[in-house]
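> test case, fold it:
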Amino acid sequence: MIEIGGDGRTWLLSGPTSSYALRLTDLDELLHLYWGPRITLADAGSLAALPGPPYRPFESGLDGREEYPVEGGPRFVRPALSVRTDERRGTEWRFEEYEADGDELRLRFVDDGLGITLHYRMRQDVVERWVTLANEGPSLELLRADSATWTLPERDGWRLSQLHGRWAAESRLVRSPLTYGEKVIGSRRGHTGHQHLPWVALDSGASEESGEVYGCALGWSGSWRICVAQLPDARVQISGGAGYDDSGLLRLEPGESFTTPVFAGLWSDGGFGGASRAWHAYQRAYVIPDADQDRPVLFNSWEATHFDISEEQQGALARRAAAMGVELFVVDDGWFGARTSDRAGLGDWTPNPDRFPTGLKPLGDYVHALGMQFGIWVEPEMVNPDSELYRAHPDWVQFQPGRTRTEFRNQLVLNLAREDVQEYLWDQLDSLLSSAPIDYVKWDFNRCFTDAGWPGEPYPQKLWVEHVEALYALLDRLRAAHPEVAFESCSGGGGRIDLGIMARTDQVWTSDNTDPLDRLAIQHGFSQIHPARIMAAWVTDSPNAQLNGRISSLRFRFVSAMAGVLGVGGHLTEWSEQELVEARDWVDLYKDIRPVVQRGDLYRLRPPEGGLSAVQYVHGDESVVLALLQAQHHGEPVAPLRLCGLDPSAAYECRETGEVHRGAVLLHHGLRTGLSGDFDAAAIRLRRM
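Have a look, this model is predicted:
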């Protein structure tokens, strides 16, 4: 709901439990008024009537109060907008008009031919903000164009939550006191990055299930920056958008425009868990494609075969996968071009004639005949120097003239900002998806930008933005042409996970780390912002030869992976009959609980730091608890779990034991460690009676 003050200069957006208000002064200063529990328009008017801060020498009366601080004038905070022309830099804008169109509020300002439109939309309790910059004047350069600046109310002792990490250790949650100055996180790698997810949360004493939490999440899949600043007067502002530094984002010629990505904000008084559930509900409703459809159980051939694949071998794996109850069979790397190792073939997206003499269609038809969907792996934004594509078009990659072309993983990055590269990839991928019964594409991105040059282009740094825009356009075009195909975002694991890529893909690859114990911390951090509906999680072989050699039971591996979109990645032809039978039972159980896990509300009952880790999902009259015992001292009892989200007056039957529990019960899970030190795990189902 959007409400407008009588003078047309106060605006109030309200969701089910929260409100967001802003005010335009007589001097055309756009000030932030309020963000928090739901209020009325009259309340917003009273806030607008309060006097401003007292005058203080060497301080600005606008800093910490402006809704979208621009560069120039009496301001000293980090600007959200920085513009440069041949004559000058900075912005001196004036208000022109507002529009309230359905659920979207637009505030338009102008400055010497540059139109600046601030967009607002409240969806559930999430405020979406973005900016459109339209140039009708002389050529100008956007040095910085953030999507939004968020202003927090005054509180004592703000605490900052963020997700940090690296390859195979993504999404690690850390909370620390916010101190004066700026805290900057982001990526200057050309993609979202393994090092930080573009999300922050601030609280001043919240717990898992109570207290105020403010959170912000950016929907951009390239380089980005979020800055959390505690100003000298203790006010806190959060600014974020595309691009990492201020060296130049885009050049806008007359008639050109740029629309920033969405920077979404959420207020919740339900603690960190309540904030997570609100974020999850918002993404399922407004971001994730077809979120009401449960994702299938998949098998991926990578860890079983690596590059040594053949049609016959994939067929043998498919038979075992189908017998296990798998619903989607995915051929990973090695099916195309001269791809017998990571040294060749990227860019040549046609089946290897020695491995698939008549293309992928026979294998796809065979997989379908087994009752499964068929999927493949691609990495379209990359090219090997040893490829037909690179030999024909060495100028299609990002490179700096006169400098060595840096290779990571024996590959270079295609300059997707070029229209000829875009059309080549469209032709290759459209033909591929039309040539075989392909239901799913795992879209990978396995190296960062390094030599991000574009020889001959007058403004080469625009490729940082235009690469991402071209990626989005290509995915949108492929989805429109092949609506039956689902896409997964992968980037060496969790290197490209954000609201922008999620709007165009059906699930994301959370991490290359499939160790079930390591995954608990990764999944715990991931769940702070993103729902289980998109979180791919695999059961792989034990010992975990990929990373740490840890031995874990099939039970522990399955319960850990069932917290998201279940997949299997082991070498099935080497699994024993006993393992295959047990795996079939776990897959059947997951299919039973899948609607609850993928569509339910998540409660983090126990964090993974201690001996017992547990998550609970509630959907309608059903609930699922996944509990994993990591460690236990001899003779130490394992504390029972207190369930959440259930009707305290109702009775619930535990389907595993037949016991009947009341709504807010302590659930005894029966977990223990054996003399071998093996971990234990349980999947517990409850249904309202």
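> closest to the centroid, which residue in this structure?
Nearest residue to the geometric centre of the chain (CA atoms, centre = their mean): residue 498, 2.8 Å.
> ok, that residue - contacts?
Going by CB atoms under 8 Å, 6 or more residues apart in numbering, residue 498 touches 192, 197-198, 217-221, 224. Backbone N, C-alpha and C define where each C-beta goes, glycine included.
> for residue 154, same thing?
234-235.
> same question, residue 594
294, 566.
> looking at the host helix or strand of it now, give me its mean pLDDT.
Element membership for residue 594 (DSSP states H and E) is helix 577-599. Per-residue pLDDT over helix 577-599 has a mean of 98.
> what's the answer for stretch 85-93, then?
Here the average pLDDT along stretch 85-93 is 93.
> related to what we said a few turns ago, need the contact list for the residue nearest to the residue nearest to the centre of the chain when sequence neighbours are not counted.
Leaving aside its chain neighbours, residue 498 sits nearest to residue 192 (4.8 Å; criterion: CB to CB, 6 or more residues apart in numbering). Residue 192 sits next to 198, 220-222, 224, 491, 495-498, 501 when contact means CB under 8 Å, 6+ apart.
> next, give phi and psi for residue 192.
phi -60, psi -40 (degrees, to the nearest 10).
> now it: how far from residue 166?
13 Å (CB to CB, to the nearest Å).
> pLDDT below threshold where in the stretch 201-350 of the chain?
By pLDDT under 70, the stretch 201-350 of the chain contains no weakly predicted segment.
> just the helices from it, written as ranges.
271-286, 302-305, 311-324 (DSSP state H, counting those that start in this stretch).
> which ones are touching residue 640?
Taking CB under 8 Å, 6+ apart as the test, what residue 640 contacts is 666-669.
> so which of these wins on neighbours?
Most neighbours among these, by other CB atoms under 10 Å: residue 667, with 22 neighbours.
> show me what it bridges to in the sheet.
Assessed by DSSP bridges, residue 667 has beta-bridge partners residue 641.
> count of neighbours near the residue lying closest to residue 309 once chain neighbours are set aside?
Of all residues not flanking residue 309 in the chain, residue 334 sits nearest, at 4.7 Å (CB to CB, 6+ apart). Residue 334 is flanked by 23 other residues according to other CB under 10 Å.
> give the contact list for residue 334.
305-309, 340, 352, 355.
> how close does the closest residue to residue 1 other than its chain neighbours sit to residue 285?
Nearest residue to residue 1 in three dimensions, chain neighbours excluded: residue 14, at 4.8 Å (CB to CB, 6+ apart). From residue 14 over to residue 285 the distance is 17 Å, taken as CB to CB.
> for the two, indicate the residue with more neighbours.
Neighbour totals were compared for residue 14 and residue 285, and residue 14 leads with 19 against 13 (other CB under 10 Å).
> start and end of stretch 642-657, how far apart?
End-to-end distance of stretch 642-657 (CA to CA, to the nearest Å): 17 Å.
> with stretch 176-187 instead?
21 Å.
> then stretch 332-342?
Terminal residues of stretch 332-342 are spaced 13 Å apart (CA to CA).
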